[in-house]
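>>> what's the 3D shape of this:
(3 chains)
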Amino acid sequence: MWRHTQMVVLVALSAAIYAAVLIPFKGFTIIPGFTEVRPANVFPFVFGLLFGPAGAWGAAIGNLIGDFFGTLGPGSIAGFIGNFFLGFLPYKMWGSFFRRGENMEQNVNSGKKLAIYIAITILASVVCAIWIAWFNDLIGFVPFAALASIITVNNAIAGIVLGPILLLVLYPRVKRWGLLWTEIMAPDEVPDSRYQRLGNLLMWVGGLGALIVGLVLGLGLYEQGFAAAGFAPGSGGATGVAIGLALIPFLVLIVIASFLLGGREQVEAAEEEMATDTGTTR
Amino acid sequence: MEYASWGEEDLRIVVPAVSIKDLAYTYRGQKEPALDGVSLDVAEGEFVVVMGHSGAGKSTLCTSLNGLIPHFFRGRMQGEVRIEGRSTREGKVGEFAKDVGLVFQDFEAQLFSTNVALEVAFGPENFQVEREEMVRRVESVLSQVRLEGFEDRQPATLSGGQKQRLAIASVLAMEPRILCLDEPTTDLDPVGKLGIFEIAEDLKNRDDVTLIVVEHETEETLDADRIVVLRDGRIAADQPAREVLREVELLEESSVMPLGIARFFREKGVGNEQLPLTPEEGIKEFEARGWRVSPERHRELVEADEGREASYGEPLIEVEGLSHRYPNGVVALEGVDLEVRRGEFLAVLGQNGSGKTTLVKHFNGLLEPTEGSVRVDGEETAKQGIQVLGQRVGYVFQNPDHQIFSDTVFDEVSFGPKVRELREDEVRERVEEALAAVGLGGRGDEDPFGLTKGERQRVAVASVLAVRPEVLILDEPTTGLDYAEQRSMMDLVRHLNEAGSTIIAVTHTMWVVAEYAHRAAVMKDCRMALSGTVREVFVRDEELRDAYLRPPHIVSMGNSLGHTVLSVEELLRVTEGG
Amino acid sequence: MDPFLYLDRDTWVHRLDPRTKMFLLIGAFVLAFLFVNPLYGIGVLAIVLAFGAAAKSLVNLERIWFILLMIAVMTVILWTVFGSGETPLFWFVEREALLYAIGAALRIDIMIVAGMIFLSTTRNEEIATGLVKLGIPYRFAFAVSTALRLVPTIAATGSTIGQAQRSRGLDLESGNIIQRVRKNTPLLIPVFVSTIRSTNVFSMALESKGFGAARERTYFLRLAMGRRDAVVLLVFALVLVTAVALRLMGYGGVEGFSR
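Numbers count the residues shown, from 1 in each chain, chains lettered A, B, ... in the order given. Below is the predicted model of the structure:
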């Protein structure tokens, strides 16, 4: 996608918008430095759906730049990866919910599309949270359970409450300006969608699995700490590294799923629509 | 062979720098062509100005010069564009960039680097210029645009005028032989504009640069070699500058503002070929014909002014000793006094940074005084707060795209009333009333983003009117509009004023102030330099110049004749003889 | 308004190659990470602060002290709750958990201060060029660098949009959490539209200046590692090796802590 000037610009603009909107909220936080109450969190979903890969990179870079305003640290790496997935999932998974020939435009204007959007938003929030919380727990910053839940909830709320309205208003404009990723990129630039259903499934398993396992382990150990009387310390045996290792298989699944999800079907659908439009081709 | 005896000079005359033949272009998804058969030759070293209404095809013409059309856009192109003999259909956009430099109107959207020197070096970097050469070019070009010493500055900290000059510099760094500037001064304040005109002057005097400029300000086109007027995608005129400027009727029909002096003499019946164009020429012609200004008729004008002053109501906004300092320590206003009475039409003038916008932002509560007081309807603004004040004082921001967020025009305009929790039928009534007032009645279902800039501006005005404020503040209401749209917008504002609204317009478009405003307040360096009726203020040529403002030519002419007039119509009224 | 932390001073730290500074930053992260025990953590903090003083960057602490404080407080609370140790102090709090919590808070804050020093001494364009020299593809670094340039501008636009909508009556304070989130629509949409609208002009301007015209390009900004860089890197490498050795020998941990 990097060969298209417009896509490069969209990466820069999405990143800049995301970073800029994070500034006012820098000091207004739930777990300061890690997550904040930010309506701006809706943007990665919107960017991902409308700008595809440019949106995913934009979300990642934008979050990193946001860290340049005060909280640059190793957590920024996790933030980069997590926010990348926050934009990546909507971009890739959208098409896998539709059959060939169905309208798969990225505007949330039907009940079915709304349901799909909400589902993807929740899963993307979970995957983003897992990467960030796993990393931060591994290096001993913040316990997994706390961070994972907060990030998931924060992103999901912003995405679900604001996403549909934004997409409804923004989709026609972006389309008119010729900036939808499905209209800029050519089919051969995106992997084909042979295994997309499998990828879809694996992503759910990886994401939800990691969340559940991580929470169980994290909370289970915590409960032991609470029961001060009568329990020998460390009798649970596992330390924080347990969460780190236990989640690795799920993370691997997520990565594999990312490669299996296609995307080409969306570009082909857009091409068909453009051809019938005015008779002009790319 | 005969060709062998031709020198290089002869070849230059034969091959024009730019040669356009029967160019027609339709953008993808549009039914109407943007350009419909344009043929144009520009010789090397010429200075051509292109004028026309919004949508006439000026920008399309510019982008066809360096290959963006046909390679960047998806659409249909017919005809041919040759740059020094080479057709733009062949090759990529990047390849033409060495020969044709294109500067766009939006100065924000063409600067990418985090520092000035890098921005200028960007083009040469793309063409693999050696580093030593790049350093030399950066220095040379920055001094050409009068930005010496700015190498390490961040573009975000520059003023609009400086950014536009930087954009020009970044294009000059590739040493193109043809330079095309698409409306370079539209969003700039007077100082910014002046800077650009000076550079254009320097460039024009260089023989090796062919200059093509799209321009709105008719008064600045006098120096051009040729003027090309576009109308509806076709060329309506292509002649030496002074000849075109004398075609008053043609300019008006093409929605281009004719020169005031020329129009005045035309109305008096003088033939096209003899029309004077500048105030100096105008005065000579005026006296040569034995005309004079009738003091009695001029007195009538002044008395009309006085009558109007007396008719205003009680003071709505009272400003006393107002000073404002921003949290970062910058002083924006110092000791300002002002009174705005009900029914007035006040223009607040000044360049960017003079404090004019800071001043009016106190009126609706966006800013609070750090010293002094601001009272609206007798009460301190600090006590009322922005929610309450928004009901009385409506503020229309300069860029409608900073406000519009709804799916339909109706939803957009109903935002204000809905926030104030009016009943549904009341909301509907207000919206329809507001839309009718701005001439968009019945268009509530339309998509606001699909409207033209002028229409979007009206939607912005309507959405403020829907709250029925007593005072309407307009921030640069005419920026980015062509002449016809500007007239249309200001006629609307005048209409609202006559219907009872008090108007405060922040602007630096002088002819608008002259023809529409009643009173004027001039801001300079955070202080109020002048205030009074427009007539009183516009006679103070020197002080206006100090504030980087210039009255329109027709006003200058009147001043030189000893009687201040504010428009062609006024001068016609007071002239005796002929 | 300049949201960035860069301070234009002339110190030997500023004059280091950005790549050196990146390595130092990562090294600082490792150093902070190694020691869990807050006593050792204080030692690392001292080193970092000394560096910051040499770089004249400590004034930026004024801008981020609030974040540092909040992070420290939250981290201490979280680990005290979620962690467990051998010696109970009061309620459910154990000594080891508290020690670990303080140590964790120190580590995080040290890393952020290190990040702050890096940003205070490295210009945005040096970061971008440094990335390119390290092998990041040009177009990617370009997108990062352009985004950096645009952030102040978009933030200013956002502020204007906020003023415009507040003038129309937008009130972000009232309502429950869902309502308040919803009310951001009149802010988010105009920011998006007014920025994305310029994508095509941006792209045209880029191509008009030859972007993508040739496969290779030259660079105006010259980066060269000098002797100073070599010395600094060497010294720091020694410090790191010493630290790792210490840790492996068993110093710097918190005994009896588990989670």
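
>>> only C-alpha atoms for contact and neighbour calcs from this point on.
Will do.

>>> tell me how far residue B:270 lies from chain A.
Distance of residue B:270 to chain A, computed by Cα to the nearest Cα, to the nearest Å: 49 Å.

>>> give me the three-state assignment for that residue.
coil (DSSP: H, G, I helix; E, B strand; the rest coil).

>>> for it, give its distance to residue C:36.
Using Cα to Cα, to the nearest Å, residue B:270 is found at 93 Å from residue C:36.

>>> between those two, which one's more packed in?
Legend: neighbour count by other Cα atoms under 10 Å in any protein chain shown for residue B:270 and residue C:36, higher for residue C:36 (24 against 15).

>>> ok, residues contacting stretch A:261-270?
Contacts of stretch A:261-270 with the rest of the structure, by Cα atoms under 8 Å, 6 or more residues apart in numbering or on different chains, involve A:91-93, A:95-96, A:100-101, A:103-105, A:181-183, A:185-200.

>>> how about 7 Å then?
A:92-93, A:95, A:104, A:182-183, A:186-187, A:190-193, A:195-196, A:199-200 (Cα atoms under 7 Å, 6 or more residues apart in numbering or on different chains).

>>> now stretch B:517-525
Under Cα under 7 Å, 6+ apart, the answer for stretch B:517-525 is B:344-350, B:354-356, B:528-534, B:537, B:547.

>>> filter those residues down to the buried ones.
Buried subset of those (neighbour count, 16 or more other Cα atoms under 10 Å in any protein chain shown): B:344-350, B:354-356, B:528-531, B:533-534, B:537, B:547.

>>> hmm, residue B:443 and residue B:408 touching each other?
No - with contact defined as Cα atoms under 7 Å, residue B:408 does not reach residue B:443; the gap is 9.0 Å.

>>> quick check on the two: which one has the bigger neighbour count.
More crowded of residue B:408 and residue B:443, by other Cα under 10 Å: residue B:408, with 18 against 15.

>>> so what's that one up against?
B:444-448.

>>> which of those residues tops the neighbour count?
residue B:448 (24 neighbours).

>>> quick one, phi/psi of it?
phi -60, psi -30 (degrees, to the nearest 10).

>>> quick check: residue B:186 vs chain C, distance?
16 Å.

>>> helix, strand or coil for that residue?
coil.

>>> show me the strands in chain A, by range?
Using DSSP state E, the strands of chain A run over A:29-31, A:35-36.

>>> pull the number of nearby residues for the residue of chain C found nearest chain B.
Relative to chain B, the nearest point of chain C is residue C:210 (3.9 Å; Cα to the nearest Cα). Residue C:210: 24 surrounding residues under other Cα under 10 Å.

>>> circling back to that earlier point, strands - which of the buried ones among the contacts of stretch B:517-525 land there?
Using DSSP E, those in strands are B:345-349, B:528-531, B:533.

>>> nearest to residue B:38, of the residues you listed?
residue B:349 (40.0 Å; Cα to Cα).

>>> now the nearest residue to the closest one once chain neighbours are set aside: which helix or strand?
Among residues not flanking residue B:349 along the chain, residue B:522 sits closest, at 4.7 Å (Cα to Cα, 6 or more residues apart in numbering or on different chains). Here residue B:522, judged by DSSP states H and E, is contained in strand B:519-524.

>>> report how many residues lie close to residue A:110.
9.

>>> contact partners for the residue of chain B found nearest chain A?
Taking Cα to the nearest Cα as the measure, the point where chain B comes nearest chain A is residue B:407, at 5.7 Å. Residue B:407 is in contact with A:169, B:447, counting by Cα under 7 Å, 6+ apart.

>>> could you rerun that using 10 Å?
A:165-166, A:168-170, A:172, B:445-449 (Cα atoms under 10 Å, 6 or more residues apart in numbering or on different chains).

>>> nearest to chain C among these?
Distances from chain C to the contacts of residue B:407, taken by Cα to the nearest Cα, are shortest for residue A:166, at 6.8 Å.

>>> ok, the residue nearest to the closest one when sequence neighbours are not counted to residue B:156 distance?
Spatial nearest neighbour of residue A:166, chain neighbours left out: residue C:189 (6.8 Å); criterion: Cα to Cα, 6+ apart. Distance of residue C:189 to residue B:156, computed by Cα to Cα: 23 Å.

>>> follow-up on the earlier one: out of the strands of chain A, which gets the lowest mean score?
Set side by side, the strands of chain A differ in mean pLDDT, and strand A:29-31 is lowest with a mean of 48.

>>> helices of the stretch 451-578 of chain B, start to end?
B:453-465, B:483-498, B:510-516, B:534-538, B:541-546, B:553-560, B:568-574 (DSSP state H, counting those that start in this stretch).

>>> what's the pLDDT at residue 33?
Using chain A. For residue A:33, the predicted pLDDT is 45.

>>> that's the wrong chain, I wanted chain C
pLDDT, read off for residue C:33, is 83.

>>> show me the residue at the heart of chain B, geometrically.
residue B:186 (3.9 Å; Cα atoms, centre = their mean).

>>> residues in contact with that residue?
Taking Cα under 10 Å, 6+ apart as the definition, contacts of residue B:186 comprise B:105-106, B:192-193, B:215-217, B:479-481.

>>> closest one to residue B:261 out of these, please.
Nearest member of these to residue B:261, counting by Cα to Cα, is residue B:217, at 14.3 Å.

>>> wait, that closest one sits on residue B:52?
No - Residue B:217 is beyond contact range of residue B:52, at 11.0 Å (criterion: Cα atoms under 10 Å).

>>> higher neighbour count, these two?
More neighbours surround residue B:52 than the other of residue B:217 and residue B:52, with 27 against 16 (other Cα under 10 Å).

>>> beta partners for the more buried one?
residue B:230 (DSSP bridges).

>>> what about the chain, any weak spots by pLDDT?
Because you didn't say which chain, this covers chain A. Low-confidence segments of chain A, defined by pLDDT under 70: A:24-37, A:220-241, A:277-282.

>>> wrong chain, I was asking about chain B
In chain B, residues with pLDDT under 70: B:1-14, B:578.
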